[in-house]
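> I need the structure of the sequence given here:
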Amino acid sequence: HAWTGNVNDGNGVCVYEDAVSNIVEGNTIIGAGWHGILIQDPYTSLYPKKNIVTGNRIGAHTAYGIAVYIPGTTDTYNQILNNDVEGITGAANTSLYGSGIYIVGYGAGGTIVSGNNVRNCCTATTGTTNGPAGISVGGLYSSGAPVLVTNNVVDGMTKYWGILAATNLGIPVVISGNSVTHPTGNTTGEPIRAEASSSTS
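Below you'll find the predicted structure:
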């Protein structure tokens, strides 16, 4: 709570390298720092798999609320379920971050993002390099398990996208049953967008 560090990729909870079948549940993670919850393989080919992040309340971070960052080509089947994410600014470092939930990397196949409430993110984001959105999925490999983005509620995005699937090379990203309410003053992004992606449905 109210952690004030500004270390690159600093976070409230980290699931790192070959951490498997962990549950991150019921935490309140608010304050400063880059990420609320980070699931990461830092290019070591040690993949965090089958972890569940559920029922957490996350706010006021400067990079991402929940980030799943996994390079490599191994499906990892992590689940991001029923979390509440609000007020992610995107002000860290180059101000190119800001997504409430950010799923990226060849190894993110099989990820499920479902039942989350995401609101008022990317408020200080200044560009689209990292696909800023309430929920952003990008950089998937050309083969692997589908990524599901289902039954989420996204609102209050005054800038950029509600849900974005970008630069995905063949893994299906299934966007279904979501509710995205976009403020009328948002002129920089649509409620849902697929860009440079194939097999999005």
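
> looking at it, Gly55 is touching Thr28, isn't it?
No. At 10.3 Å, Gly55 and Thr28 do not qualify as touching, with contact defined as CB atoms under 8 Å. (Each C-beta comes from the backbone N, C-alpha and C, glycine too.)

> Pull out the buried residues from stretch 44-64.
47-49, 51-54, 56-64 (16 or more other CB atoms under 10 Å).

> now that stretch, how far from the centre of its chain.
8 Å (CA atoms, centre = their mean, to the nearest Å).

> Any stretches of this structure with poor pLDDT?
For the chain, the stretches with pLDDT under 70 are 1-5, 142, 169, 196-201.

> Sheet partners, orientation included, of the one helix or strand Ile163 maps to?
Assigned by DSSP states H and E, Ile163 belongs to strand 161-166. Strand 161-166 has its sheet partners listed here by DSSP bridges as strand 133-138 (parallel), strand 192-195 (parallel).

> Return the alpha-carbon coordinates of that strand using CSV.
What follows is strand 161-166, C-alpha atoms only, in CSV (Å, rounded to 0.1, in the frame of the first residue of the first chain):
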residue,chain,number,x,y,z
TRP,A,161,-8.6,2.1,-26.7
GLY,A,162,-10.9,0.1,-24.5
ILE,A,163,-9.7,-3.3,-25.7
LEU,A,164,-6.8,-3.6,-28.2
ALA,A,165,-5.4,-6.6,-30.0
ALA,A,166,-2.2,-5.5,-31.9
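
> what's in contact with that strand?
Residues outside strand 161-166 that contact it (CB atoms under 8 Å, 6 or more residues apart in numbering): 131-138, 149, 152, 154-155, 173, 175, 178, 180-182, 189-197, 200.

> which is the next helix or strand following that strand?
Where DSSP H and E defines the elements, the next helix or strand beyond strand 161-166 is strand 173-176.

> Centroid-nearest residue for this structure?
In the chain, the centroid-proximal residue (CA atoms, centre = their mean) is Tyr102; its distance is 1.7 Å.

> Check for me that it belongs to a strand.
Yes. With DSSP: H, G, I helix; E, B strand; the rest coil as the criterion, Tyr102 is part of a strand.

> Isn't it up against Ala67?
Yes. Between Tyr102 and Ala67 there is a contact at 4.6 Å, judged by CB under 8 Å.

> Contact partners for Ser114?
Ser114 sits in contact with Gln79, Ile80, Leu81, Asn82, Leu148, Val149, Thr150, Asn151, Asn152, where contact means CB under 8 Å, 6+ apart.

> hang on, I meant Asn27
Gly12, Val13, Ile37, Asn56, Arg57.

> With distance to Tyr43 added, can I get those in CSV?
Below are those laid out as CSV (distance: CB to CB, whole Å):
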residue, distance to Tyr43
Gly12, 22
Val13, 21
Ile37, 20
Asn56, 26
Arg57, 30
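
> Out of the contacts of Ser114, the closest to Ser21 would be?
Gln79 (10.9 Å; CB to CB).

> Quickly list what Val153 is bridged to.
Counting by DSSP bridges, Val153 forms beta bridges with Asn117, Ser179.

> Nice, that's everything, thank you.
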